[in-house]
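S.K.: Here's my sequence, what's the structure:
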Amino acid sequence: MLNFIWGAMIFLGVLVAVFTGKIPDLTGAALGSAQDAVNLCVKMLGIISMWTGLMSIAEKAGLIGALSEKMSPLLGFLFPDLPRKSKAVKYIATNFIANLLGIGWAATPAGIMAMQEMQKLNPKKDTATRSMCMFLIINMSSLQIVSVNIVAYRAEYLSRNPSEIIGPGLVTTLISTIVAVIFTKIFEKADAK
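M.R.: Okay, here's the model as predicted:
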């Protein structure tokens with residue numbers, strides 16, 4: 001559906017440019033935007049590499065394991081049907097830690113591995129478990145202490161204070177995560193009846 005919407009918007013934009021004589025402006029904007037996108041991707045690659053590398057170092061140094069242990073009561077509450085020592089719990093903790101630090105790029109591989117491990121424990125392979133649903137909903141709510149990628153984008157586009165969004169971002173994502181957990185727990189209880 002989104003492909004249709006975006007395709008229609010592009011088509012309408014080209015039609016308007018044709019009928020208003022703005023084809024040269026459209027071509028210039030398209031080429032300039034493509035160049036800006038490539039430049040931004042190259043610059044962001046360094047930031048992505050740095051934070052992903054730091055997460056890898058933290059994991060190898062045992063920091064992720066230690067933080068996972070500290071998160072054990074919370075993870076037990078959120079995912080009561082997962083065995084405490086399963087690989088899924090370790091990957092969930094890694095994903096949460098990376099998301100809290102605002103480095104979603106480093107969180108994605110751990111999130112995928114967590115879902116794969118939860119699927120291995122799933123007795124009904126064609127139906128998502130409660131833990132899978134909870135994990136997905138918490139990831140969508142995206143609790144972040146520092147949104148590194150947004151701060152980096154703002155710095156790239158010469159914001160006067162790129163980090164001013166940290167406070168509002170923390171409050172917003174905290175509220176969305178709390179609401180997401182409450183919503184999921186209510187539906188879990190309703191489903192159990």
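
S.K.: Please make it C-alpha for all contacts and neighbour counts, starting now.
M.R.: Noted.

S.K.: How much space separates Asn95 from Thr27?
M.R.: If you measure Asn95 against Thr27 using C-alpha to C-alpha, to the nearest Å, the figure is 41 Å.

S.K.: Same question for Ile186.
M.R.: Ile186 is 52 Å from Thr27, by C-alpha to C-alpha.

S.K.: mind showing which ranges of the protein have poor pLDDT?
M.R.: 192-193 (pLDDT under 70).

S.K.: re earlier: compare neighbour counts for Asn95 and Thr27 and give me the winner.
M.R.: Asn95 (25 against 13; other C-alpha atoms under 10 Å).

S.K.: And what about Asp81, helix, strand or coil?
M.R.: coil (DSSP: H, G, I helix; E, B strand; the rest coil).

S.K.: The closest residue to it other than its chain neighbours is in what secondary structure piece?
M.R.: Leaving aside its chain neighbours, Asp81 sits nearest to Ser131 (7.0 Å; criterion: C-alpha to C-alpha, 6 or more residues apart in numbering). Here Ser131, judged by DSSP states H and E, is contained in helix 130-141.

S.K.: Likewise for Leu158?
M.R.: Using DSSP H and E, no helix or strand contains Leu158.

S.K.: Could you do the one 10 residues further on as well?
M.R.: Secondary structure assignment for Pro168, by DSSP H and E: helix 166-192.

S.K.: roughly how far is that helix from the heart of the chain?
M.R.: 15 Å (C-alpha atoms, centre = their mean, to the nearest Å).
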